[in-house]
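Colleague: have a look at this prediction, sequence included:
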Amino acid sequence: MKHITTFSILFLLIAHPCTAQQTDIRWQKAALAFFSYNIDGSAVILRDILNDPHTSSSDSAKVYSTLALRDWQFHHNYDLAAKRLDSALALRSGSNASLVALSNIAAEAGHYPTSLEASDKALVSAANAAEWREAAIAYANTVYLSSKNNKKQDTLLLGKAGRLLSRVLEQMPGHPQAAKLLVGTGVLKKDGGFVLDGWNAYFHFASADSAYAYLKEPATVFSAILPRWKASSAENEQIAAALARSGFYEYAALLAGRSQKDIIAYARYLQETGTMTNNYYRQLAVRARTSDSLFEQQVLTICARLLKELKLSAGKDTLTYEKFLELVQPKFGAMGFLGTTSSFHAKEICLGQIVNVTRKEVLQYGYKASLTFIEIDLMTSNGFISWLSGKRMGNGGWSVNDTIYRVREAYIREPMEAWTMVTDSTVRKEKLSVFENAIAGTSTPDTTTLLAGINGLLRLNAMDSLYAMLYRQGLRGSDLQLQFMNMLERRQEDASIFAHEGRHSIDQIYFAKDFENAPSSEREYRAKLSEMTCADFPVYIFGKIVGSIGPSGHGQANKRILDDALAWMGKHQPEISGYDTTQPAIRQLYRLSADQIQSCFREVDPLNKQ
């Protein structure tokens, strides 16, 4: 039985906190409505903010930009989106974000001159390093798309784009979007340095020697050819094969030779599947009439076309998506599923490429599972929620007995955002303002806002502790930054994959019947208990969980976790440092220490009692 679990980066649900508490609460409610799939309701709240005479020009500009992005994402209405962005820019507040939004929308719409002009202005007007990086990536993305789609490479523009992306990676090592774009830019420009630097940065490799065993072969090819790449046909085919082996099929197809038609066919299949799936998600978002069965039929039609081109066949078996993946996985490394998850009601596609395979043993309360860990990346689709949120949420992975599948892209953004929150005083103040506004005053604020604020504080406290530990070890500069991001990613991996998915595997192996009959909320509750008790990041994970209460299986499980914590606090008030008996326990969740969080959830974990 296949079980799907959703990973979310909750900090990013709070899109635009501001200094005025009332406006801040409305932003929170707009975000909650949006991620509850009430797109129209969220827009109503945003328009209320816009129509409020007390709303600042900065918040008004953010509303215009947010609505413009949705006009394009949900309706492909370029004219209306551009009009809203003009309104945002006219306010002369937050203009950089509006310019980047205009550049990205115009690039997707194929209006490349408009896109380049907007990103150029954003580069000039950037007020800080984060704004500059967003502008640089927008500029480079436009150059790549225009060069690729017009089949005319402007080497000067590609060179500028590559240099901008290299600077982004100097500031933020491992930035996935910048690294991936640098690979594509290098392929179009035939610049081996760009390709090699981008590929290594994308996977966080210092050199070919540090590559995963699964990617050792392409790493060796790249290190041998790219430093002296002459773009001969033989070299191009070797690079194309190595790019394909590491999942970069879009770029591999740009270099593939006559003998590599399968690479081109598979890259075309990925593009067609991505376009069709995004259109289906768009229909779901606006509640247009659609059906799961029709979508599945369309998906399988594209699959059948590829199999015919590759001279592969399901034989006497009925062609299902699972069968299709079984046929193409050995050649292309494809992995995923077509189905429903605990976080969304309609069918969706998760499709990516295998980039790493390892094995690890998980031990929880005496129960052991030997796990195969498969990382999937370079996603064609990671489900509806990923599309809805612009990849800021999505399927984190799933487990089938002793095999754990992890969607790498769901995890690689957060360490960079975390570094910025810890080290950038402006961003830090903005994130903390959510907690400070929620906790200020004598009355209990809106629960959603309060828990979002506590979530932010708890996670920031955990990240501060990690930073301080590494700093005490003598790390500084880029070494400190890389180690902080890598360690945060590993701790997240230990909790969200090996503890969480390991628990699902243990439950399936030892308690198969109970697991089969349990609702998703019960399965997720048990797995979240393991995240906090069987991994070394309880404060961070606890913050993430209590800040995401909702109607889904995950949201209901999170509510049970919150209730457990509040009950434990009621019994252990004297043990909690700074606990104020005159205040509700929910306002003091942030006072729980790591040891107390783990003690609380070990006590309630049914696996600990069996």
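Modeller: Happy to help now that I have it.
Colleague: what pLDDT is listed against T442?
Modeller: Listed pLDDT for T442 reads 51.
Colleague: actually E436, not the one I typed
Modeller: Looking at E436, its pLDDT reads 89.
Colleague: so what's the gap between the strand or helix carrying it and the chain middle?
Modeller: Using DSSP states H and E, E436 falls within helix 425-439. Distance, stretch centre to chain centre, for helix 425-439: 23 Å (Cα atoms, centre = their mean, to the nearest Å).
Colleague: one more: stretch 460-475?
Modeller: Distance, centroid of stretch 460-475 to centroid of chain: 24 Å (Cα atoms, centre = their mean).
Colleague: what's it in contact with?
Modeller: Outside stretch 460-475, the residues that touch it by Cβ atoms under 8 Å, 6 or more residues apart in numbering are 418, 421-423, 428, 431-432, 480, 483-484, 487-488, 491, 537, 539-540, 543, 590. For every residue, glycine as well, the C-beta is placed using N, CA and C.
Colleague: so which of the residues you listed belong to helices?
Modeller: Those of the contacts of stretch 460-475 mapping onto helices are 418, 421-423, 428, 431-432, 480, 483-484, 487-488, 491, 539-540, 543, per DSSP state H.
Colleague: need the strands for the protein, in chain order.
Modeller: Ranges of strands within the chain are 3-8, 334-341, 344-364, 367-382, 393-400, 403-407, based on DSSP state E.
Colleague: Throw the ones you listed into a markdown table and include mean neighbour count, distance to T275 and mean pLDDT, thanks.
Modeller: Listed next are the strands of the chain as a markdown table, based on neighbours: other Cβ atoms under 10 Å; distance: least, Cβ to Cβ, whole Å; pLDDT from 0 to 100:
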| stretch | mean neighbour count | distance to T275 | mean pLDDT |
| --- | --- | --- | --- |
| strand 3-8 | 23 | 23 | 44 |
| strand 334-341 | 21 | 16 | 91 |
| strand 344-364 | 19 | 12 | 91 |
| strand 367-382 | 21 | 10 | 92 |
| strand 393-400 | 24 | 18 | 80 |
| strand 403-407 | 24 | 20 | 86 |
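Colleague: how close does the closest residue to V546 other than its chain neighbours get to F542?
Modeller: Once flanking residues are discounted, V546 sits nearest to L562: 4.9 Å by Cβ to Cβ, 6 or more residues apart in numbering. Here L562 is placed at a distance of 10 Å from F542 (Cβ to Cβ, to the nearest Å).
Colleague: do the same with Q583
Modeller: Per Cβ to Cβ, Q583 is found 19 Å from F542.
Colleague: so if I had to pick from those two, which one is more boxed in?
Modeller: Neighbour count, other Cβ atoms under 10 Å: between Q583 and F542, F542 has more, with 30 against 12.
Colleague: quick one, what contacts that one?
Modeller: Counted by Cβ under 8 Å, 6+ apart, F542 has contacts 458, 532, 561, 565, 592, 597.
Colleague: can you do 10 Å?
Modeller: Residues in contact with F542 (Cβ atoms under 10 Å, 6 or more residues apart in numbering) are 454-455, 458-459, 462, 528, 531-532, 561-562, 565, 589-590, 592, 594, 596-598, 600-601.
Colleague: per-residue pLDDT, it?
Modeller: Each residue has a pLDDT score; the one for F542 is 98.
Colleague: from what I see, A535 and K528 are in contact.
Modeller: No: at 11.0 Å, A535 does not count as touching K528 under the criterion of Cβ atoms under 10 Å.
Colleague: find the residues that touch each one of those two.
Modeller: Shared contacts of A535 and K528, defined by Cβ under 10 Å, 6+ apart, are found at 495-496, 499-500, 541.
Colleague: who touches both of L562 and F542?
Modeller: Taking Cβ under 10 Å, 6+ apart as the criterion, L562 and F542 both touch L589.
Colleague: so E516 makes contact with E522?
Modeller: No: contact criterion Cβ under 10 Å: E516 and E522 do not qualify, at 11.4 Å.
Colleague: among these two, which residue is more densely surrounded?
Modeller: E522 (18 against 11).
Colleague: find the centremost residue of this protein, please.
Modeller: Here the mean C-alpha position of the chain is nearest to the C-alpha of A410 (Cα atoms, centre = their mean), at a distance of 3.5 Å.
Colleague: and it, how far is that from S95?
Modeller: With Cβ to Cβ as the criterion, A410 and S95 are 31 Å apart.
Colleague: and for the residue nearest to V546, the neighbour number?
Modeller: Counted with other Cβ under 10 Å, L562 comes out at 20.
Colleague: pretty sure it is touching L589, no?
Modeller: Yes: with contact defined as Cβ under 10 Å, L562 reaches L589; the gap is 8.0 Å.
Colleague: shared neighbours, these two?
Modeller: Taking Cβ under 10 Å, 6+ apart as the criterion, L562 and L589 both touch 451, 542, 546-547.
Colleague: can you get me a residue count around the residue lying closest to A136 once chain neighbours are set aside?
Modeller: Nearest non-adjacent residue to A136, counting by Cβ to Cβ, 6+ apart: L164, 4.1 Å away. L164: 24 surrounding residues under other Cβ under 10 Å.
Colleague: which pLDDT does the model give L164?
Modeller: For L164, the pLDDT comes out at 98.
Colleague: for it, what are its contacts?
Modeller: Listed by Cβ under 10 Å, 6+ apart, the contact partners of L164 are 119, 123, 132-133, 135-140, 143, 178, 181-182, 185.
Colleague: one more time with 7 Å
Modeller: L164 is in contact with 136, 139-140, counting by Cβ atoms under 7 Å, 6 or more residues apart in numbering.
Colleague: do L482 as well
Modeller: L482 neighbours (Cβ under 7 Å, 6+ apart): P173.
Colleague: now do the same for it: its pLDDT.
Modeller: What the model reports for L482 is a pLDDT of 77.
Colleague: equivalent analysis for the one 3 residues further on, please.
Modeller: Note for M485: predicted pLDDT of 85.
Colleague: can you report how many residues lie near the residue nearest to it when sequence neighbours are not counted?
Modeller: Spatial nearest neighbour of M485, chain neighbours left out: P415 (3.7 Å); criterion: Cβ to Cβ, 6+ apart. For P415, the count of nearby residues is 23 (other Cβ under 10 Å).
Colleague: mind starting the numbering at 556 from now?
Modeller: Sure, I'll start counting at 556 from here, so that last one is P970.
Colleague: how about P970, what does it touch?
Modeller: When contacts are counted by Cβ under 7 Å, 6+ apart, P970 touches 1040, 1043-1044.
Colleague: export the residues you listed as TSV, with columns for neighbour count.
Modeller: Shown next, in TSV, are these (neighbours: other Cβ atoms under 10 Å):
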residue	neighbour count
M1040	21
L1043	23
E1044	19
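Colleague: nearest to R813 among the residues you listed?
Modeller: R813 lies nearest to E1044 out of the contacts of P970, by Cβ to Cβ, at 40.5 Å.
Colleague: need the pLDDT of the closest residue to that closest one other than its chain neighbours.
Modeller: The spatially closest residue to E1044, leaving aside those adjacent along the chain, is P970, at 4.9 Å (Cβ to Cβ, 6+ apart). P970 carries a pLDDT value of 87.
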